[in-house]
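In: please work out how this folds:
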Amino acid sequence: MDNLRFIRETMEGAACFTSVSGVGEMAVGVSALAAAWLAGRQGGDLPWLLTWLGEALLALALTGGAIAWKARRADVGLGLLSKPGRRFLLGLVAPLAAGALLTLVLYRAGARALLPGSWLLLYGTGVVTGGAFAVRTVPVMGLAFMALGAIALFCPPGWGDLLLAGGFGGLHLLFGALIARRHGG
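Out: Got it, this is the predicted structure:
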């Protein structure tokens, strides 16, 4: 029994996290496009920020639900609580936590114009680090977010919502479709 447990744990540790849902990423893309449209119509910095924070919470719920759905549907036990899933989550959480802290600091400093680039860059970093334990398309998506975030940091402040729409909307739609096509769901 000990040998079987060792073999099972070794195989699970070497497994790739395949439960990232392309359909879920596409749903996040659609919600991000709606958030970009809504945020662009807000009259001040705080309503704009609250719109995007609401979108972040919605995206988190959509992604988590879609991962759970795909893992259950595939019945391979590779949800977020599996060893590969925990590695994926750990790689993703640290950059997102840094992004949350920087959001507070930059907003308090009146540097709202830096938020879109910071969000895209740090989200991309999280996707790359978490994606190291996922299918190959995931870290490539993270690199695309990082590149767009770097560009956004040097763009005029008025381009923020457009760049966020292109990243959180467009890149999620594009890579979600690729993931769904190549890896199911």
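In: what's the closest non-adjacent residue to Ser31?
Out: The shortest distance from Ser31 to any non-neighbouring residue, by Cβ to Cβ, 6 or more residues apart in numbering, is to Leu58 (5.4 Å). Every C-beta, even on glycine, is put in place using the N, C-alpha and C of the backbone.
In: who are the packing partners of the helix or strand harbouring the one you found?
Out: In the assignment (DSSP states H and E), Leu58 maps to helix 45-74. On a contact count with 3 or more Cβ pairs under 8 Å, 6 or more residues apart in numbering; DSSP states H and E, helix 45-74 meets helix 22-39, helix 83-108, helix 115-131.
In: quick one: stretch 98-117 to chain centroid distance?
Out: Distance, stretch centre to chain centre, for stretch 98-117: 18 Å (Cα atoms, centre = their mean, to the nearest Å).
In: coming back round to it: out of the helices and strands packed on helix 45-74, deepest packed?
Out: helix 115-131 (a mean of 24; mean count of other Cβ atoms under 10 Å).
In: that older thread, quick one: which of the helices and strands packed on helix 45-74 is nearest Leu46?
Out: Comparison of the helices and strands packed on helix 45-74 against Leu46 by Cβ to Cβ identifies helix 83-108 as nearest, at 8.5 Å.
In: tell me the angle the closest one makes with helix 115-131.
Out: On the basis of axes from the mean of the first three to the mean of the last three Cα atoms, to 10 degrees, helix 83-108 is oriented at 170 degrees to helix 115-131.
In: picking that back up, what's the closest of the helices and strands packed on helix 45-74 to Leu171?
Out: Of all those, helix 22-39 comes closest under Cβ to Cβ, at 7.5 Å.
In: what mean pLDDT does that closest one have?
Out: For helix 22-39, mean pLDDT is 94.
In: name the residues that touch that helix?
Out: 48, 51-52, 54-55, 58-59, 62-63, 65-67, 69-70, 161-162, 164-165, 167-181, 183-185 (Cβ atoms under 8 Å, 6 or more residues apart in numbering).
In: can I get the buried part of those residues as one PyMOL selection?
Out: Remark: buried members of the contacts of helix 22-39, expressed as a PyMOL selection using 16 or more other Cβ atoms under 10 Å:
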select buried, resi 48+51+52+55+58+59+62+63+66+67+69+70+161+164+165+167+168+169+170+171+172+173+175+176+178+179+180+183+185
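In: mind giving me TSV with the helices and strands packed on helix 45-74 and columns for distance to Ile151?
Out: Shown next, in TSV, are the helices and strands packed on helix 45-74 (distance: least, Cβ to Cβ, whole Å):
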stretch	distance to Ile151
helix 22-39	16
helix 83-108	17
helix 115-131	8
